[in-house]
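> sequence first, predicted model second:
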Amino acid sequence: MIVTFCGHSKIYQTCEISKWLDIILPSLIEGGAATFYLGGYGDFDSLAAAAVRRQKATYPSIEAVLVLAYLNRDADLSRYDSTTYPPLENVPPRYAIVRRNEWMVQESDVVISGVTHGWGGAAKTLDFAKRKQKIIFQFPMQINKK
């Protein structure tokens with residue numbers, strides 16, 4: 001089972017979200033989750049990568065995969081087991097993250113969402129996941145729609 005994450009680049013409930021991730025990840029792993037796609041940008045992605053790394057202590061066979069939006073950008077790869085690059089060669093750079101996020105959702109069985117408001121790229125990714133009828137674990141907060 002493949003799990004991906006979507007959340008805002010700036011978040012303020014870091015402690016609460018970290019605790020929440022530490023609660024839900026073991027259940028998903030015990031249910032068959034083996035691969036975790038991570039975006040590598042912003043606060044939520046950092047929390048997600050850290051949470052997956054913590055789970056590797058108990059479940060060493062799980063894999064943290066950084067999904068690259070750009071091939072020519074430097075990235076800190078120390079938090080990940082591997083990288084992958086979706087078929088984005090013909091996507092203009094300004095749309096690369098959006099298309100990468102859509103690819104991550106399409107390839108995943110489960111989406112873990114830290115979306116706390118209804119605007120921005122993370123909210124659009126969550127809406128895409130809903131349209132694709134993915135299993136979604138939403139951080140327990142009210143989403144304010146514009």
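Perfect, thanks for sending it.

> what comes up buried for the helix or strand harbouring Asp43?
If you go by DSSP states H and E, Asp43 is part of helix 42-56. For helix 42-56, a neighbour-count test (16 or more other CB atoms under 10 Å) marks Gly42, Asp43, Phe44, Asp45, Ser46, Leu47, Ala48, Ala49, Ala51, Val52, Arg53, Gln55 as buried. The way it works is simple: take the backbone N, C-alpha and C, and place the C-beta from them, glycine included.

> looking at those residues, which is nearest Pro93?
Within the buried residues of helix 42-56, proximity to Pro93 (CB to CB) peaks at Gly42, which comes in at 17.7 Å.

> and the contacts of the helix holding Asp43?
Helix 42-56 is contacted by residues 5-11, 14, 17-18, 21-22, 25-26, 29, 36, 38-40, 62, 64, 79-80, 112, 114, 122 when judged by CB atoms under 8 Å, 6 or more residues apart in numbering.

> just the buried ones from those?
Among these, those scoring as buried are 5-8, 11, 17, 21, 25, 29, 36, 38-40, 62, 64, 79-80, 112, 114, 122 (criterion: 16+ other CB under 10 Å).

> one step back: show me the contacts of helix 42-56 that map onto helices.
Under the assignment DSSP state H, these contribute Thr14, Ile17, Ser18, Leu21, Asp22, Leu25, Pro26, Ile29, Ala122 to helices.

> dump these to a markdown table, plus pLDDT and distance to Leu68.
As requested, these are exported to a markdown table (pLDDT from 0 to 100; distance: CB to CB, whole Å):
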| residue | pLDDT | distance to Leu68 |
| --- | --- | --- |
| Thr14 | 78 | 25 |
| Ile17 | 90 | 24 |
| Ser18 | 91 | 25 |
| Leu21 | 95 | 22 |
| Asp22 | 95 | 26 |
| Leu25 | 97 | 23 |
| Pro26 | 97 | 28 |
| Ile29 | 97 | 24 |
| Ala122 | 90 | 18 |
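
> could you list the buried residues of stretch 103-113?
Using 16+ other CB under 10 Å as the test for burial, stretch 103-113 gives Trp103, Met104, Val105, Ser108, Val110, Val111, Ile112, Ser113.

> next one: stretch 124-131
If you call a residue buried by 16+ other CB under 10 Å, then stretch 124-131 has these buried ones: Lys124, Thr125, Leu126, Phe128, Ala129.
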